[in-house]
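Q: the following comprises the amino acid sequence and a computationally predicted model.
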Amino acid sequence: MLRRMIFMIPLLFGITIICFSVMHLAPGSPTDLQTQMNPRASAELRERLRAMYDLDKPLHIQYALWVRKLAVLDLGTSFSPDRRKVSDKILERLPVTVSLNILSMILILSLAIPIGVLSAVHQGSLFDKLTGVFVFIGFAIPTFWLALLFMILFGVNLDWLPISGLRSLNYEYMPPLVAFVDLIKHLILPVTLAAFGGLAGLSRYMRSNMLEVIRQDYIVTARANGLSERTVIYKHALRNALLPVITLLGLSVPGLIGGSVIFETIFGIPGMGQLFYMSVMSRDYPVVMGILVIGAVLTLLGNLLADVSYALADPRIRIS
Amino acid sequence: MERDFWQRFSKNELALAGCVIVVCLFIVSLVAPWISPYDPTEIHLDNILSSPSAKHWLGTDQLGRDVLSRMIWGSRISLKVGFVSTGIAILIGTLLGAVAGYYGRGVDTIIMRFVDIMLCFPTFFLILAVIAILEPSIWNIMVIIGITGWMGITRLVRADFISLKERDFVQAARAIGASDFRIIFIHILPNAMASILVAATLGIAGAILTESALSFLGIGVQPPTPSWGNILTAGKDNIDIAWWLSLFPGLAILVTVLGYNMLGEGIRDTLDPRLRG
């Protein structure tokens, strides 16, 4: 456990180095030639960049200064007219993105696990074949396209669900229950679609885990002891097949966070992904860099959390 | 061995179907100038957003351009992006993986830690951040997708090298005094080609998906150059009136990605049935 924590330090260090180098691709970096060639970099922008990143100092000192600021979450101020602190801008949007991702993660788990288990237990059945096809298409389908189709079908043609934002305009005048239903209705499409991509991967993974587990000796032993098929599958096999899923969840964090750019932009959800997209479009470098660092750190934390839960769930890991 | 491969390959329906799709796409993008009914960038403001008809099979977009022609030309973009960016990823991934697996020890640790670090970044964030700084152009996109997509290949190649370098033929090569360079590239690498080929085919599919998402967000291939992703942007802008702008380009992406995935999985099954996931 402690070793894992120590292991994170060089990773964090590497993350900051990569972010720092990406930042130095920016116009206004010591290679001024590039700046002069780039019509988008105005004189004012160049000045601000210079002041902000201490570009008059040598590179390693610049890096040290930047990391020192980073350590106290001082990510600088936004280039946008509001001139707000980057950390404030990100922190107010982070909860939206994180809770959306948790919701879609719950949806993925509650669908993928039964699908995977059932298709493994009934290997070769019609259900298994159908889910196989579904998984194959799920891997290939561009989810933003699926989002467009769902918006056309459920939003425009059927007019069942709202297609933009998290709340209706008259949200503040609604009684609490109606407001809650309103929020749910806004969430259905984005959460479903964000879950879709992970669903294919996880159900396939779950299926192959389960197939492997039910061939193990201890399952044969359980059957030989006369336990019912139900107990064998849902008590003995399922628990063991679920273990590796914990790791996969940790690994899927970057994908989910990255995907939030697309979904939040399409559905107009005020989360970190949308902020990132808008900052990229307006070349608000401090915000872009801040989100890049935070996204990577969140991934690192996700992986750590997965490792810890794995150790908690599997005694074999804890002892060795 | 090779004959064996083609024999098994031709019996694998999945691989064949994928192969047919991929070859068709190649042909379409090759003969695009001759088969597209209209100029893909020709604007007709008197005929905007007209629904599919005999004259315009897949309708026209918000500037009156023929959607079918734009999609035919768009296939060139996805092909180019798929191959170039995957080529870059394969090059970096194979080189680093080979060095890490062959030399082991310190070199291995450094390279694999670097892989771990790169895997921490949500790839899409990294790509967007670099594009925010450079100009969004097709060349930048291909390079960026390539240099953010090599980590899986490095792991794969490294694992292959670690098991292969202990084999007798490598010991024999070393015994007759072959250089490291020769052992890596002439003796071991050809044996690792199978998994690289599969990863490359699946990588092309991934690169095409990423490019279409970037173009859809308006930070990929820039208009007026047609790409499947940026036609979909027009589809989103006109979502309540022009369904055809949203439906067809996405279908093209789906079929293309499906094609490469089927081909990749098919090759994997053919080369080594044990690898089947």
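A: Now that the structure is in, tell me what you want to look at.

Q: where is the longest helix in chain A?
A: Longest helix in chain A, counting residues (DSSP state H): helix A:176-213.

Q: show me what that one is packed up against.
A: On a contact count with 3 or more CB pairs under 8 Å, 6 or more residues apart in numbering or on different chains; DSSP states H and E, helix A:176-213 meets helix A:86-121, helix A:126-140, helix A:143-150, helix A:238-251, helix A:253-267. Any C-beta I mention is one placed from the backbone N, CA and C, and that applies to glycine too.

Q: deepest-packed of those helices, please.
A: For these, ranked by mean neighbour count under the definition mean count of other CB atoms under 10 Å in any protein chain shown, the leader is helix A:253-267 at a mean of 24.

Q: other SSEs contacting that one?
A: helix A:86-121, helix A:143-150, helix A:176-213, helix A:272-281, helix A:285-313, helix B:123-133.

Q: quick one: closest of these to A:Phe136.
A: Taking CB to CB, helix A:176-213 is the member of those nearest to A:Phe136, at 7.9 Å.

Q: can you pull the buried residues of the next helix or strand after the closest one?
A: The C-terminal neighbour of helix A:176-213 among helices and strands, as given by DSSP states H and E, is helix A:217-224. Neighbour counts over helix A:217-224 (16 or more other CB atoms under 10 Å in any protein chain shown) mark A:219, A:222 as buried.

Q: count of neighbours near residue 125?
A: In the absence of a named chain, chain A is used. Other residues near A:Ser125 come to 12 when the count uses other CB atoms under 10 Å in any protein chain shown.

Q: my bad, the chain I had in mind was chain B
A: Other residues within reach of B:Phe125 by the criterion other CB under 10 Å amount to 27.

Q: before we move on, back to that, present the helices and strands packed on helix A:176-213 as a markdown table; the columns should include mean pLDDT.
A: Putting the helices and strands packed on helix A:176-213 into a markdown table (pLDDT from 0 to 100) gives the following:
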| stretch | mean pLDDT |
| --- | --- |
| helix A:86-121 | 89 |
| helix A:126-140 | 88 |
| helix A:143-150 | 89 |
| helix A:238-251 | 82 |
| helix A:253-267 | 84 |
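
Q: how about a markdown table for those, with distance to B:Val170 added?
A: Compiled in a markdown table, the helices and strands packed on helix A:176-213 are given as follows (distance: least, CB to CB, whole Å):
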| stretch | distance to B:Val170 |
| --- | --- |
| helix A:86-121 | 39 |
| helix A:126-140 | 36 |
| helix A:143-150 | 44 |
| helix A:238-251 | 32 |
| helix A:253-267 | 36 |
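
Q: determine which of these approaches B:Asp168 most closely.
A: The closest approach between B:Asp168 and any of these, judged by CB to CB, belongs to helix A:238-251 at 34.4 Å.

Q: so what's the closest residue to A:Gln274 other than its chain neighbours up against?
A: Excluding its sequence neighbours, the residue lying closest to A:Gln274 (CB to CB, 6 or more residues apart in numbering or on different chains) is A:Glu264, at 3.9 Å. A:Glu264 makes contact with A:97, A:100, A:190, A:270-274, A:277 under the criterion CB atoms under 8 Å, 6 or more residues apart in numbering or on different chains.

Q: cutoff 10 Å now
A: Residues in contact with A:Glu264 (CB atoms under 10 Å, 6 or more residues apart in numbering or on different chains) are A:93, A:96-97, A:100, A:190, A:194, A:270-278.

Q: touching chain A at all, stretch B:6-25?
A: Yes. Using CB under 10 Å from any CB of the partner chain, we find that stretch B:6-25 touches chain A at B:Leu14.

Q: roughly how far apart are the residue sitting nearest the centre point of chain B and chain A?
A: Nearest to the mean C-alpha position of chain B, counting by CA atoms, centre = their mean, stands B:Ile204 at 1.5 Å. When distances are taken as CB to the nearest CB, to the nearest Å, B:Ile204 and chain A turn out to be 12 Å apart.

Q: go on, B:Gly59?
A: If you measure B:Gly59 against chain A using CB to the nearest CB, the figure is 14 Å.

Q: that residue touches B:Leu68, doesn't it?
A: Yes. Contact criterion CB atoms under 10 Å: B:Gly59 and B:Leu68 qualify, at 8.4 Å.

Q: which neighbours do the two have in common?
A: Counting by CB under 10 Å, 6+ apart, the common neighbours of B:Gly59 and B:Leu68 are B:52, B:248.

Q: quick one: stretch B:154-169 near chain A?
A: No. No part of stretch B:154-169 sits close enough to chain A to count as contact by CB under 10 Å from any CB; the gap is at least 12.5 Å.

Q: could you list the residues in contact with that stretch?
A: Where contact means CB under 10 Å, 6+ apart, the residues beyond stretch B:154-169 that reach it are B:89-90, B:92-104, B:108, B:111-112, B:114-115, B:118-119, B:150, B:170-171, B:173-174, B:183-184, B:187-189, B:191-196, B:198-199.

Q: how far off centre is it?
A: When C-alpha coordinates are averaged (CA atoms, centre = their mean, to the nearest Å), stretch B:154-169 and its chain have centres 25 Å apart.

Q: for the stretch 101-250 of chain A, what lies in contact range of chain B?
A: For the stretch 101-250 of chain A, the contact set with chain B under CB under 10 Å from any CB comprises A:136-137, A:139-149, A:151-153, A:155-157, A:163, A:204-205, A:207-208.

Q: if we use 8 Å, what do you get?
A: A:136-137, A:139-142, A:144-146, A:148-149, A:151-152, A:155-156, A:163, A:204, A:208 (CB under 8 Å from any CB of the partner chain).

Q: identify the residues contacting residue 256.
A: Just going to use chain A. A:101, A:104-105, A:194, A:198.

Q: try again with chain B
A: B:Thr256 makes contact with B:21, B:25, B:75, B:78, B:205, B:208, according to CB under 8 Å, 6+ apart.

Q: among those, which two are most distant?
A: Distances among these were taken as CB to CB; the most separated pair is B:Ser75 and B:Ala205, at 14.3 Å.

Q: just the pLDDT at residue 192, thanks.
A: Using chain A here. We have a pLDDT of 88 for A:Thr192.

Q: let's do chain B instead
A: Spelled out, the predicted local distance difference test score at B:Ala192 is 87.

Q: kindly report the same for A:Gly28.
A: We have a pLDDT of 48 for A:Gly28.

Q: A:Ile61 - how many residues pack around it?
A: For A:Ile61, the count of nearby residues is 11 (other CB under 10 Å).

Q: how about whichever strand or helix holds B:Ile110 as CSV, C-alpha atoms only?
A: When secondary structure is defined using DSSP H and E, the element that contains B:Ile110 is helix B:105-120. Taking C-alpha atoms only, helix B:105-120 is exported to CSV below (Å, rounded to 0.1, in the frame of the first residue of the first chain):
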residue,chain,number,x,y,z
ARG,B,105,17.0,-3.7,-16.7
GLY,B,106,17.3,0.0,-16.4
VAL,B,107,16.4,0.8,-20.0
ASP,B,108,13.3,-1.3,-19.6
THR,B,109,12.3,0.4,-16.3
ILE,B,110,12.7,3.9,-17.8
ILE,B,111,10.7,3.1,-20.9
MET,B,112,7.9,1.3,-19.1
ARG,B,113,7.6,4.1,-16.5
PHE,B,114,7.3,6.5,-19.4
VAL,B,115,4.5,4.3,-20.7
ASP,B,116,2.8,4.4,-17.3
ILE,B,117,3.0,8.2,-17.3
MET,B,118,1.6,8.5,-20.8
LEU,B,119,-1.3,6.2,-19.9
CYS,B,120,-2.2,8.5,-17.0
